[in-house]
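>>> Give the three-dimensional model of this entry:
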Amino acid sequence: MRASMRVEPSPAMPELRRVIGDGEGHPDGEVTGLDDAGLLALHRSMVLLRTYDERSLTYHRQGRIGTYAIFWGTEAIQAGSVHALDEVDWVFPSYRESAIGLLRGMAPATILAWWRGHPAGWWDPRERRVASICVPIATHVPHAAGLAWGLRLRGERGCAVCYFGDGATSEGAFHEGANFAAVMDAPLVLLCNNNQWAISTPLAAQTRAAALADKAAGYGMPGVRVDGGDVLAVYDATRQAVERARAGEGPTLIEAVTYRMAPHATADDPSLYIDEARVEEERRSECVARYEGYLRRRGLLTDELAEAARADALAAMREGIAAAEALPAPDPALVFDTAYADPPAQLVAERAELLRLLSEDGR
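Coordinates of the predicted model:
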């Protein structure tokens, strides 16, 4: 006869930090480091990201870019964290943060070219300290930890922020990178976008932890849990984590809690698994409108400023897709030439065969 297993009660859920109130019973808070101009610049960044995401979905439907990973509703996580960084700091995006380079001055055409599979969509990470977009889940966490450690060894001031989803915390690479960063006191901020779905796998099927921020304790680093739809809460948590990193106190794990309000990607059908009523409820408090309400309560945002931000972002996207589509067709040989320094004979033969067939086809 099997003995029954005793199930211990789950620990209490950590505090969810918020700054932006609702204009009624919950008052707005304050953050350090942003003056009025900084608050408006943060708004423009969120609008730029929102416009990029909405237009990219349209471009995909028109057949102008390939499969696209939607990030609608998580602009607060990206903009809030980047605005807490300095130019010397590094950004390691996953595919969900594909447009984050826009906040570092990258041209929309570059990122759109990436989604089109064009070589012009790759960049030198050293130019803006934005690493290549990582598609494999969590494999960039050790990369970010290693770079951050290198910054520390060189005595440089910079730190790194690494973005990933809740599903990445189920991967070994996340744990290896987190442990390495903690042991080496690497100046790293691990920023988890917990939208509660790893494609169609709910968070409850991934972990028994009360919160993903609790995982930080296993590596001897602080774990912070913030409202991922509150751009000022994300900004403030990142600012504090960066200050801690610069002081030589090591990494911090930030869990930005939100809910995925769009398909995982354009190839996904979320109607098979998601709660549509919950999606509609979450959309009523999405991050851009929530922040605009905060700015209007402070008397900073007018209809004219809001419209100008959207018009500028839309113009940038129109110019971006036109530039991406005007790029010359890439050389097919690049697929082979950048794979091996010393290619095997079979690959050499395949390259020659492809070029011969393309030549006969007139391309």
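>>> Tell me how far stretch 248-259 lies from the chain's centre.
13 Å (CA atoms, centre = their mean, to the nearest Å).
>>> Next, the contact list for residue 219, please.
By CB atoms under 8 Å, 6 or more residues apart in numbering, residue 219 lies in contact with 178, 179, 181, 182, 251, 253. Bear in mind the C-beta positions are built from the backbone N, C-alpha and C, glycine included.
>>> so who does the second one touch?
Residue 179 sits next to residue 219 when contact means CB under 8 Å, 6+ apart.
>>> Now the residue nearest to the spatial centre of the chain. Nearest residue, chain neighbours left out?
Among the residues of the chain, the one closest to the centroid is residue 97, at 3.1 Å (CA atoms, centre = their mean). Spatially, and ignoring its direct neighbours in sequence, residue 97 is nearest to residue 163 (4.7 Å; CB to CB, 6 or more residues apart in numbering).
>>> count of neighbours near the one you found?
Using other CB atoms under 10 Å, residue 163 is surrounded by 28 other residues.
>>> Tell me if I'm right that it and residue 98 touch.
No. With contact taken as CB atoms under 8 Å, residue 163 and residue 98 are classed as non-touching, separated by 10.4 Å.
>>> Show me where this protein has its helices.
36-61, 75-82, 108-115, 125-128, 140-153, 172-183, 231-246, 276-283, 287-297, 303-325, 334-337, 345-360 (DSSP state H).
>>> Which one of those helices lies nearest to residue 90?
Closest to residue 90 of these is helix 140-153 (CB to CB; 6.1 Å).
>>> In CSV, list the C-alpha atoms belonging to that closest one.
The C-alpha coordinates for helix 140-153 follow below in CSV (Å, rounded to 0.1, in the frame of the first residue of the first chain):
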residue,chain,number,x,y,z
HIS,A,140,21.0,34.0,-24.6
VAL,A,141,20.9,34.0,-20.8
PRO,A,142,24.4,32.6,-20.4
HIS,A,143,25.6,34.9,-23.2
ALA,A,144,24.3,37.9,-21.2
ALA,A,145,25.8,36.6,-18.0
GLY,A,146,29.2,36.1,-19.7
LEU,A,147,29.2,39.6,-21.2
ALA,A,148,28.2,41.2,-17.9
TRP,A,149,31.0,39.3,-16.1
GLY,A,150,33.4,40.5,-18.8
LEU,A,151,32.3,44.1,-18.1
ARG,A,152,33.0,43.5,-14.4
LEU,A,153,36.5,42.0,-15.1
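>>> what mean pLDDT does it have?
Average pLDDT, helix 140-153: 98.
>>> contact partners of that helix?
Contacts of helix 140-153 (CB under 8 Å, 6+ apart): 90, 92, 94, 131, 134, 157-162, 164, 168, 173-174, 176-178, 180-181, 184-188, 190, 245, 248, 251.
>>> Can you point out the buried residues in it?
140, 141, 142, 143, 144, 145, 146, 147, 148, 149, 151, 152 (16 or more other CB atoms under 10 Å).
>>> try stretch 213-228
213-216, 219, 221-228.
>>> Okay, now the unreliable bits of the stretch 251-363 of the chain?
362-363 (pLDDT under 70).
>>> cool, the stretch 51-200 of the chain as well?
Using pLDDT under 70, nothing in the stretch 51-200 of the chain is flagged.
>>> Of the buried residues of stretch 213-228, which pair is most distant in space?
Longest span within the buried residues of stretch 213-228, CB to CB: 219 and 227, 23.7 Å.
>>> mind giving me a markdown table with the buried residues of stretch 213-228 and columns for distance to residue 358?
Putting the buried residues of stretch 213-228 into a markdown table (distance: CB to CB, whole Å) gives the following:
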| residue | distance to residue 358 |
| --- | --- |
| 213 | 52 |
| 214 | 55 |
| 215 | 50 |
| 216 | 52 |
| 219 | 51 |
| 221 | 52 |
| 222 | 55 |
| 223 | 53 |
| 224 | 53 |
| 225 | 54 |
| 226 | 52 |
| 227 | 53 |
| 228 | 47 |
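>>> Of the residues you listed, which belong to strands?
Counted as lying in strands by DSSP state E, out of those, are 223, 224, 225, 226, 227.
>>> how about those in CSV, adding pLDDT and distance to residue 194?
CSV is the format used below for those (pLDDT from 0 to 100; distance: CB to CB, whole Å):
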residue, pLDDT, distance to residue 194
223, 97, 12
224, 97, 12
225, 98, 9
226, 98, 10
227, 98, 11
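>>> any idea which of those is closest to residue 77?
residue 226 (9.0 Å).
>>> What are the neighbouring residues in contact with the closest one?
Neighbouring residues of residue 226 by CB under 8 Å, 6+ apart: 16, 17, 18, 233, 234, 236, 237, 254, 255, 256, 257.
>>> my guess is the third one contacts residue 29, does it?
Yes. A contact is recorded between residue 18 and residue 29 when judged using CB under 8 Å, the distance being 7.3 Å.
>>> neighbours of residue 53, just the number please.
22.
>>> Quick check: it touching residue 72?
Yes. The criterion here is CB under 8 Å, and residue 53 meets it with residue 72 at 5.1 Å.
>>> So residue 328 versus residue 116, what's the distance?
Noted for residue 328: a distance of 13 Å to residue 116, by CB to CB, to the nearest Å.
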